[in-house]
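Student: one predicted model, sequence on top.
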Amino acid sequence: MDQIQGKRVRLLRQTARLWAAGGLLATVAVLSTPPIGGSLVYWLLLPLFAVGALCIVNLHARGMPGWIAGFVASTIAIALVLVLAAPGATEVGGFAVLALFGGAVPGALIALLPERLGALWFWIGVLLVTAAGAFADGPAVRVLGIALLLLGGLVAFAIGLVLASSIPPAVRQIAEVGRAHRAERRASELEAQRRQSARLLHDTVLATLTLLAHSGRGTSEEALREQARNDAHLLRLLRLGEPLFTLPEAAYRPEPVEETSIGTTLDSVKQRFDQLGLDVAWHGAGRLLLPPGVLDAFLFAISECLENVRRHSGVRLAHVTITEDEHTVRAMITDAGKGFQLDEVEHERLGLKESVIARLSEVGGSARLFSSPGAGTTVLLEAPR
């Protein structure tokens, strides 16, 4: 409610300033015409207009009711000067009084509406200047003048109420949009966390379980034990609620640095797959500098591709060719295995979808897969530098 009230007050005060300033300028413009313009009465009125302008400028400041009272007093003083010092200029004076009391004053009184008893004080002010206007107008136009002044007050009051009532729905709608945005962001974060968890378990625990299901063929006993220890440590941390970003995604995770050489981390990938019984022939660039987030995604994607070769290709040799240019690092992983039909890969399989494609997409990279039965498989990975 404090926020809604604050916005309502600011809106009405800003409207009051603009409305009152417009009415005051219109009055000055009317009085600048003959017979009052340039006369002694005109110069006597200018200080009163300056006082009114000062009150308008300070409608947003503390003590706002006092500034409004000062503005009303200055406008009444202007009307009295017109009646007493220029009794012959009834037509120009009448228009000036209408612009002043029917426009400027009701506009300034709008600022009172959010205050306690604001509507009452608004109409007290309108009736006060209406009485002053009736005194200033000539008998011939007095009834019409009073009607126009009351009409000006009624229009200002209606507009003020509309503006005041429009703030709460707008604030509520903004709050609803904010809540929807936060809910959507939270859902996105949960989905990203779910995918990261699935990717993490797929690349670690599931790989170990697959080895055990095949009796660890092609893998040394010590390598199998080491991988099982790493997985057990990972599961223990997950059970204790450790945040995922603090968990190693594999035993070969590089230390976080501002910019890491890929040459220092490829060795750990080579060693891991040597222990798992897959021969990997490495070609091309040996040392590349990549930001840590990109480096992690690039290495993990390469490792998952090699894991797929080890598990599914039916061969024990894979080739990894790494190239680079000014903007992109590429890795091509090939094998001469049995291959497969791309459209036969189940949609639910996480290996390629999450551990390769999604992982590289998160850092602005991409992955493309080429394979056919009996012709082996080639995967082209790209990551930005």
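Tutor: Cool, got the structure.
Student: mind giving me the packing neighbours of the longest helix anywhere in the chain?
Tutor: For the chain, the helix with the greatest residue count under DSSP state H is helix 142-203. Helices and strands touching helix 142-203, by 3 or more Cβ pairs under 8 Å, 6 or more residues apart in numbering; DSSP states H and E, are helix 2-31, helix 90-99, helix 105-109, helix 118-136, helix 292-308, helix 350-352. C-beta: built from backbone N, CA, C; applies to glycine.
Student: how is the chain carved up into domains?
Tutor: 2-174, 204-248, 256-384 (automatic domain parsing).
Student: quickly, which of those domains bottoms out on average pLDDT?
Tutor: Of all the domains of the chain, the minimum mean pLDDT falls on domain 204-248 (a mean of 60).
Student: wait, what's in contact with residue 145?
Tutor: 94, 97-98, 133-134, 137 (Cβ atoms under 8 Å, 6 or more residues apart in numbering).
Student: what does residue 156 give?
Tutor: Counting by Cβ under 8 Å, 6+ apart, residue 156 has contacts 19, 106-107, 109-110.
Student: how does it look with 6 Å?
Tutor: 106-107, 110 (Cβ atoms under 6 Å, 6 or more residues apart in numbering).
Student: now it: closest residue in space that isn't a chain neighbour?
Tutor: In space, and not counting its chain neighbours, residue 156 is closest to residue 106: 3.5 Å by Cβ to Cβ, 6 or more residues apart in numbering.
Student: which helix or strand contains residue 281?
Tutor: For residue 281, the host element (DSSP states H and E) is strand 279-284.
Student: now do the buried residues in that strand.
Tutor: 280, 282 (16 or more other Cβ atoms under 10 Å).
Student: give the next helix or strand downstream of that strand.
Tutor: strand 289-290.
Student: what packs against that following strand?
Tutor: Helices and strands touching strand 289-290, as assessed by 3 or more Cβ pairs under 6 Å, 6 or more residues apart in numbering; DSSP states H and E, are absent.
Student: picking that back up, out of the helices and strands packed on helix 142-203, which one sits most buried?
Tutor: Of all the helices and strands packed on helix 142-203, helix 105-109 has the most neighbours on average by mean count of other Cβ atoms under 10 Å, namely a mean of 29.
Student: only C-alpha atoms, please: export it in PDB.
Tutor: In PDB, the C-alpha atoms belonging to helix 105-109 read as follows (Å, rounded to 0.1, in the frame of the first residue of the first chain):
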ATOM      1  CA  VAL A 105      -6.600  26.800  -9.100                       C
ATOM      2  CA  PRO A 106      -8.600  23.600  -9.500                       C
ATOM      3  CA  GLY A 107      -5.600  22.100 -11.200                       C
ATOM      4  CA  ALA A 108      -3.400  22.900  -8.200                       C
ATOM      5  CA  LEU A 109      -6.000  21.600  -5.800                       C
END
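Student: among the helices and strands packed on helix 142-203, which is nearest residue 373?
Tutor: Nearest to residue 373, of all the helices and strands packed on helix 142-203, is helix 292-308, at 15.6 Å by Cβ to Cβ.
Student: next secondary structure element downstream of the closest one?
Tutor: strand 317-324.
Student: one step back: tell me what the strand holding residue 281 is packed against?
Tutor: Using 3+ Cβ pairs under 6 Å, 6+ apart: strand 279-284 touches strand 317-324.
Student: helix, strand or coil for residue 115?
Tutor: coil (DSSP: H, G, I helix; E, B strand; the rest coil).
Student: what about it, neighbour count?
Tutor: By the criterion of other Cβ atoms under 10 Å, residue 115 has 16 neighbours.
Student: quick one: it from residue 76, how far?
Tutor: For residue 115, the distance to residue 76 equals 21 Å [Cβ to Cβ, to the nearest Å].
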